[in-house]
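Undergrad: please work out how this folds:
(one chain, ligands or ions: 1)
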Amino acid sequence: MAALVEEILPPSLDATAEQPPLFDGTTRLYTAYICPYAQRVWITRNYKGLQDKIKLVPLNLFNRPDWYKEKVYSPNKVPSLEHNGKVIGESLDLIKYVDSNFEGPSLLPNDPAKREYAEELLSYSDTFNGAIISSFKGDTAKEAGAQFDYLENALQKFDGPFLLGEISLVDIAYIPFVERFSVFLLEAFKIDITEGRPKLAAWIEEFNKIDAYKQTKADPKLVVEVYTKRFLG
Ligand SMILES: N[C@@H](CCC(=O)N[C@@H](CS)C(=O)NCC(=O)O)C(=O)O
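TA: Now for the predicted structure:
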């Protein structure tokens with residue numbers, strides 16, 4: 001369940017910050033507020049009501065503390081999760097890990113047909129993101145449009161506003177990216193991704209009602225700034 005009271009978010013740690021204790025029994029999500037991969041795990045944690053069980057350790061990715069790579073997680077990326085004496089990474093693995101190793105509502109249905117489709121959609125997410133990012137330097141409307149059509153079609157497969165009907169890890173895997181692409185495409189290309197895609201529009205609207213998600217949304221101004229620099233520079 002979503003927390004009723006809005007969580008006060010801790011400040012991001014930069015290169016000057018001291019390392020929090022490691023393996024002291026606290027479960028920690030090393031994250032960055034701007035990172036869509038980390039946001040997947042953050043939403044999962046919030047949705048399952050694990051705010052008191054999984055502590056957020058936000059990092060400033062532009063001025064990262066050396067101890068993160070040296071002592072915590074050598075790939076030096078976020079997200080990573082410190083739990084039970086080890087640190088593990090990769091957002092798609094982490095959302096499944098958090099779903100199956102912690103309490104709270106399950107975020108994967110038991111229905112085998114839905115499970116199979118979940119895997120298909122999860123493994124498609126890198127292709128989806130990659131195609132949209134490369135569309136920024138190509139025929140944006142056509143190439144990005146094809147990816148949003150894919151989601152629009154996927155949303156028609158099961159009854160209900162979410163990809164498997166009910167909300168699941170699959171929706172949580174896509175929303176951080178759709179959120180950023182939607183802001184950036186509108187601002188930089190005047191493309192409204194919901195135009196002519198009623199299912200996608202309803203999906204985004206449903207998400208915006210969920211506190212577990214709302215609290216994780218990225219600052220749209222920062223998204224535009226970072227994306228413009230990274231993809232149009
Ligand atoms: N495949 C990874 C990707 C994580 C990732 O690329 N995170 C970015 C921030 S959004 C990062 O930490 N980049 C820092 C770097 O690559 O040095 C996952 O799904 O968790």
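Undergrad: going forward, measure contacts between C-alpha atoms and count neighbours the same way
TA: OK.
Undergrad: ok, which stretches of the chain are strands?
TA: 27-31, 54-58, 80-83, 86-89 (DSSP state E).
Undergrad: could you list every helix and strand in contact with the third one?
TA: What that stands for is strand 80-83. strand 27-31, strand 86-89, helix 91-101 (3 or more CA pairs under 8 Å, 6 or more residues apart in numbering; DSSP states H and E).
Undergrad: about what we covered before: same list, the strands of the chain, but as JSON lines with mean neighbour count and mean pLDDT please.
TA: As requested, those are arranged in JSON lines below (neighbours: other CA atoms under 10 Å; pLDDT from 0 to 100):
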{"stretch": "strand 27-31", "mean neighbour count": "23", "mean pLDDT": "98"}
{"stretch": "strand 54-58", "mean neighbour count": "20", "mean pLDDT": "98"}
{"stretch": "strand 80-83", "mean neighbour count": "22", "mean pLDDT": "98"}
{"stretch": "strand 86-89", "mean neighbour count": "16", "mean pLDDT": "98"}
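Undergrad: returning to what we had before: among the helices and strands packed on strand 80-83, which comes closest to Phe62?
TA: strand 27-31 (12.8 Å; CA to CA).
Undergrad: test my guess that Gln215 contacts Leu9.
TA: No - contact criterion CA atoms under 8 Å: Gln215 and Leu9 do not qualify, at 9.3 Å.
Undergrad: give me the more crowded residue out of these two.
TA: Remark: of Gln215 and Leu9, Gln215 carries more neighbours, 16 against 12, as counted by other CA atoms under 10 Å.
Undergrad: and the strands of the chain as JSON lines, adding distance to the ligand?
TA: Putting those into JSON lines (distance: least, CA to the nearest ligand atom, whole Å) gives the following:
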{"stretch": "strand 27-31", "distance to the ligand": "8"}
{"stretch": "strand 54-58", "distance to the ligand": "11"}
{"stretch": "strand 80-83", "distance to the ligand": "7"}
{"stretch": "strand 86-89", "distance to the ligand": "6"}
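Undergrad: contacting residues around Glu152?
TA: Each residue near Glu152 by CA atoms under 8 Å, 6 or more residues apart in numbering is listed here: Arg197, Pro198, Lys199, Leu200.
Undergrad: ok, which of those also contact the ligand?
TA: Among these, no residue lies close to the ligand (CA under 6 Å from any ligand atom).
Undergrad: what is the burial count for Glu103?
TA: Glu103: 13 neighbours (other CA under 10 Å).
Undergrad: got it, and Asp171?
TA: Asp171: 21 neighbours (other CA under 10 Å).
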